[in-house]
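Peer 1: need a structure here:
(one chain, ligands or ions: 1)
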Amino acid sequence: MLNIVIFGAPGSGKGTQSAKLVEEYHLKHLSTGDILREEIKAGTELGKLADSYMSKGHLVPDGLVIDILDSLIGKHANAKGFIFDGFPRTLAQGEALSKMLEKHGEDIDVVLSLEVDEEELIDRLLKRGQISGRKDDNRETIESRLKVYHTQTEPLKDFYRRRGILKNIEGIGSIDEIFNSIEKEIDRIEK
Ligand code: ADP
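Peer 2: The predicted structure is shown next:
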């Protein structure tokens, strides 16, 4: 299996680059944000609960997202590999992911961290809000999501750096340029 974590702040391009990775490497894409938005759309109890956190720019509780991921990893045990997009977002989720993969004799091969400065992030998210109408893409919620990213999610970089699997990717440039840098990192681990 080839297991990739695509990491970065809100607006760093995780979803965009994940779509290209799926096309190129035929991996199973697991985006916790997409999964939670599906639940909200379907009006499930889980969706309602998730929405109460997401609309404020807060994280959904670890236990909920960890359970969702655990069952999806089990369900797709025959995949060529996974792209984890938007997960893990806390140290507890990072530890849980390692344990979940271990159960299947698997590990994370690489953590690709998309590096984009704050000003550009805010700009992109505000633009996305106008086009997609994603209701967490408004100025107030964006601020809260960036704060949450710095305090709760960014510490994972050290966690993965210490394991030697963190790779920083310049996240500014054309979509294809960024994907080229990603491919180079993946080719390196595939050899
Ligand atoms: P972005 O990274 O652009 O903010 P996502 O779609 O990844 O977009 O996440 C949107 C929201 O979904 C987050 O602000 C959070 O409320 C919730 N969410 C997504 N993934 C997780 C996760 N792993 N843990 C907790 N909450 C999550």
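
Peer 1: now the strands for the protein?
Peer 2: Ranges of strands within the chain are 2-8, 28-31, 81-85, 110-115, 166-170, based on DSSP state E.

Peer 1: TSV for these, including mean pLDDT?
Peer 2: As requested, the strands of the chain are exported to TSV (pLDDT from 0 to 100):
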stretch	mean pLDDT
strand 2-8	98
strand 28-31	98
strand 81-85	98
strand 110-115	98
strand 166-170	98
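
Peer 1: now for the ones you listed, which one comes closest to Ile189?
Peer 2: Among the strands of the chain, strand 110-115 comes nearest to Ile189, with 5.5 Å by Cβ to Cβ. Backbone N, C-alpha and C define where each C-beta goes, glycine included.

Peer 1: quick revisit: need the strands of the chain in TSV (columns: mean neighbour count).
Peer 2: Below are these laid out as TSV (neighbours: other Cβ atoms under 10 Å):
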stretch	mean neighbour count
strand 2-8	24
strand 28-31	18
strand 81-85	23
strand 110-115	21
strand 166-170	17
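
Peer 1: want to throw the ones you listed into a markdown table with distance to the ligand?
Peer 2: Formatted as a markdown table, the strands of the chain follow (distance: least, Cβ to the nearest ligand atom, whole Å):
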| stretch | distance to the ligand |
| --- | --- |
| strand 2-8 | 8 |
| strand 28-31 | 6 |
| strand 81-85 | 7 |
| strand 110-115 | 10 |
| strand 166-170 | 15 |
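
Peer 1: Just the terminal-to-terminal distance for stretch 101-117.
Peer 2: 32 Å (Cα to Cα, to the nearest Å).

Peer 1: contact partners of that stretch?
Peer 2: By Cβ atoms under 8 Å, 6 or more residues apart in numbering, the surrounding residues in contact with stretch 101-117 are 1-9, 11-14, 17, 73-74, 77, 81, 84, 97-98, 124, 157, 160, 165-172, 178, 182, 185-186, 189.

Peer 1: Equivalent analysis for stretch 60-80, please.
Peer 2: Here stretch 60-80 makes contact (Cβ under 8 Å, 6+ apart) with 1-2, 25-28, 30, 32, 35-36, 46, 49-50, 53-54, 82, 84, 87, 89-90, 92-93, 96-97, 100-101, 104.

Peer 1: Return the subset of those lying in helices.
Peer 2: Counting by DSSP state H, the part of those found in helices is 25, 32, 35-36, 46, 49-50, 53-54, 92-93, 96-97, 100-101.
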